[in-house]
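J.: here is my input, please return the structure:
(one chain, ligands or ions: 1)
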Amino acid sequence: MSSTVDSPISSSKIQIHQLDRLAPRSAFLLFYAGHPPHQTMISSLSARHIARIARQQPLRLFSSQDSLVVTNVHEESGVAVLAMNRPPANSLSLELNEAISTSLKQIESNPKIQSVILASSNPTIFSAGLDITELISPSDERLPKFWNSLQQVYIDLYGSRLATVAAIQGHAPAAGCMLALACDYRIMHGGHGEEHLPTIGFNETQLGIAAPPWMGQLMVRTIGFRPAERALALGTLFPPSEALNAGVVDDVITEQSSSESNEVLKALLPEALQSQTSNPVMIKAYEEAACYAKIPPQARVASKLVTRSESLKEMQMTREDDTQHFCGFITHEVVQKNLMKYVEKMKQRGKAKKS
Ligand SMILES: CCCC/C=C/CC(=O)SCCNC(=O)CCNC(=O)[C@H](O)C(C)(C)COP(=O)(O)OP(=O)(O)OC[C@H]1O[C@@H](n2cnc3c(N)ncnc32)[C@H](O)[C@@H]1OP(=O)(O)O
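T.: Coordinates of the predicted model:
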């Protein structure tokens, strides 16, 4: 099935192909940047989102302090912020994943916005990765839905028409690292002294599980085959300077700096992030996002898709198999035992910290 609607992003025409056979609830948005041979894929959206765009209806904005994500836009600079807001650790539950995808789509539907900063309302944790409690004794109904929602976040972020900048204030293990790697630019905080260094990486093997192929390949595409192969096998969590050297992040910032951007940040940041207006990571993230926002969007999007469209297509084609594999793997008795042990350790550590 295919239909054409006016693009909410530009005056171009967008053609929508419903790829029922490959991904029943998804569709590719095909964007004509110039002539048909230059047709490029921007993103995949759920059928529900497409129906809304076709009717030109705005998506619901998540903005209250109780929301799982908080967002705000600054149309003058073309920059938006989308911050995860699920205490204590922004671990990714089904609901948080869905909120990220929905909010990203809502921001994308504003034609004045060209960049988004992916951030956290927690100043020491970007995201702790998957909510491990989703993985323990899961229900047959929720587990595939949960995994689908994570795949969708990856597809939406990696294929977004927006330039995406990750403001990594603190820890970003496993799927938290995936969120950052799916962005266009990554800025990490250097930490507060040797004892409080945040880390980033795919630590799955340390939990007795393995990162799925699309996540592992994301690391391969970011840091290269051999370093990624080793980091994936060992479950390496990189502290900031090592993450920078390996290419996991693009920038590490520690110094507090005053900047002209402070004033804009006051207007841009949602209430839950107002304490971060003079945070160096946020300042740098804003400056980078504003820089991307000045590039002619059609050229920027076309260039992004040179490197991303193949892996996004692959993801769409293997999505159902990936979900089946994930559900089979996670519910395996040995994996369940490993996960329970890991959660027990995590709780003991939490108790020790509090006492
Ligand atoms: C085919 C299979 C593919 C499977 C793919 C999996 C990808 C994944 O994402 S697996 C998840 C991997 N995540 C982790 O291993 C992170 C575990 N957490 C931590 O290492 C630390 O919490 C942290 C480094 C992120 C932060 O450390 P910090 O000392 O600041 O805080 P804590 O006291 O440890 O944690 C605070 C609070 O949050 C709870 N929590 C932390 N992480 C998770 C999580 N991933 N899921 C659920 N809950 C989590 C932790 O238990 C604490 O709770 P309490 O305050 O109630 O004790």
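
J.: any regions of this structure where pLDDT drops low?
T.: 1-66, 256-258 (pLDDT under 70).

J.: give me every residue in it lying close to the ligand.
T.: 88-89, 91, 124-125, 128-133, 171, 173-175, 203-204, 207, 209-212, 326, 329, 346-347, 349-350, 353 (CB under 6 Å from any ligand atom). C-betas here are computed from N, CA, C, even on glycine.

J.: buried subset of those residues as a PyMOL selection?
T.: Of the residues of the chain next to the ligand, the buried ones can be selected in PyMOL as follows, counting by 16 or more other CB atoms under 10 Å:
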select buried, resi 89+91+125+128+129+130+131+132+171+173+174+175+203+204+207+209+211+212+326
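
J.: using CSV, list the CA coordinates for stretch 283-303.
T.: Provided in CSV are the C-alpha atoms of stretch 283-303 (Å, rounded to 0.1, in the frame of the first residue of the first chain):
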residue,chain,number,x,y,z
ILE,A,283,26.0,23.9,27.0
LYS,A,284,28.2,22.0,24.5
ALA,A,285,25.2,19.9,23.5
TYR,A,286,23.2,23.0,22.7
GLU,A,287,26.0,24.6,20.7
GLU,A,288,26.5,21.4,18.7
ALA,A,289,22.7,21.1,18.1
ALA,A,290,22.5,24.7,17.0
CYS,A,291,25.4,24.2,14.6
TYR,A,292,23.6,21.2,13.0
ALA,A,293,20.4,23.2,12.8
LYS,A,294,22.1,25.7,10.5
ILE,A,295,22.9,23.1,7.8
PRO,A,296,20.3,23.0,5.0
PRO,A,297,18.1,20.2,6.3
GLN,A,298,17.5,18.3,3.0
ALA,A,299,21.3,18.0,2.5
ARG,A,300,21.9,17.1,6.1
VAL,A,301,19.2,14.3,6.1
ALA,A,302,20.4,13.0,2.7
SER,A,303,24.0,12.8,4.0
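
J.: how far off centre is that stretch?
T.: 17 Å (CA atoms, centre = their mean, to the nearest Å).

J.: strands of the stretch 1-150 of the chain, residue ranges please.
T.: Taking DSSP state E, counting those that start in this stretch as the criterion, the stretch 1-150 of the chain contains strands spanning 2-6, 13-18, 26-32, 39-46, 69-74, 79-84, 115-120.

J.: next up, the contacts around Pro212.
T.: For Pro212, the contact set (CB atoms under 8 Å, 6 or more residues apart in numbering) comprises Asp322, His325, Phe326.

J.: in helices only, show me these.
T.: Per DSSP state H, helices hold the following members of the contacts of Pro212: Asp322, His325, Phe326.

J.: next, His171: phi, psi?
T.: Main-chain dihedrals, His171, degrees, to the nearest 10: phi -60, psi 140.

J.: does it touch Ile200 like I think?
T.: Yes: assessed by CB atoms under 8 Å, His171 is found in contact with Ile200 at 7.4 Å.

J.: next, show the common contact partners of the two.
T.: With CB under 8 Å, 6+ apart, His171 and Ile200 have common neighbours Phe126.

J.: how many neighbours does the nearest residue to Leu268 once chain neighbours are set aside have?
T.: Using CB to CB, 6 or more residues apart in numbering and skipping the chain neighbours, the partner closest in space to Leu268 is His74 (4.1 Å). Using other CB atoms under 10 Å, His74 has 21 neighbouring residues.

J.: kindly report the same for Leu273.
T.: Neighbours of Leu273 under the rule other CB under 10 Å: 24.

J.: mind listing what it touches?
T.: Val70, Val81, Ala83, Ala119, Ser121, Met282.

J.: do the same with Gly129
T.: With CB under 8 Å, 6+ apart, Gly129 has these contacts: Ser91, Leu92, Pro173, Ala174, Ala175, Gly176, Cys177, Met178.

J.: looking at the contacts of Pro212, which is nearest Pro239?
T.: Distance to Pro239 across the contacts of Pro212 (CB to CB) is lowest for Phe326, with 29.1 Å.

J.: I'd say the closest one and Phe146 touch.
T.: No: between Phe326 and Phe146 there is no contact under CB under 8 Å: 9.2 Å.

J.: coming back round to it: ok, the contacts of Pro212 vs the ligand, which is closest?
T.: Phe326 (4.7 Å; CB to the nearest ligand atom).

J.: next, count neighbours for the residue nearest to that closest one when sequence neighbours are not counted.
T.: Once flanking residues are discounted, Phe326 sits nearest to Trp147: 4.8 Å by CB to CB, 6+ apart. Trp147: 25 surrounding residues under other CB under 10 Å.

J.: residue contacts, Trp147?
T.: Trp147 neighbours (CB under 8 Å, 6+ apart): Asp322, Thr323, Phe326, Cys327.

J.: is it true that the last one touches Leu143?
T.: In other words, Cys327. Yes: counting by CB under 8 Å, Cys327 touches Leu143, with 5.2 Å between them.

J.: in the stretch 201-350 of the chain, what residue lies closest to the ligand?
T.: Nearest residue of the stretch 201-350 of the chain to the ligand, counting by CB to the nearest ligand atom: Gly350, 2.8 Å away.

J.: many thanks, we can stop here.
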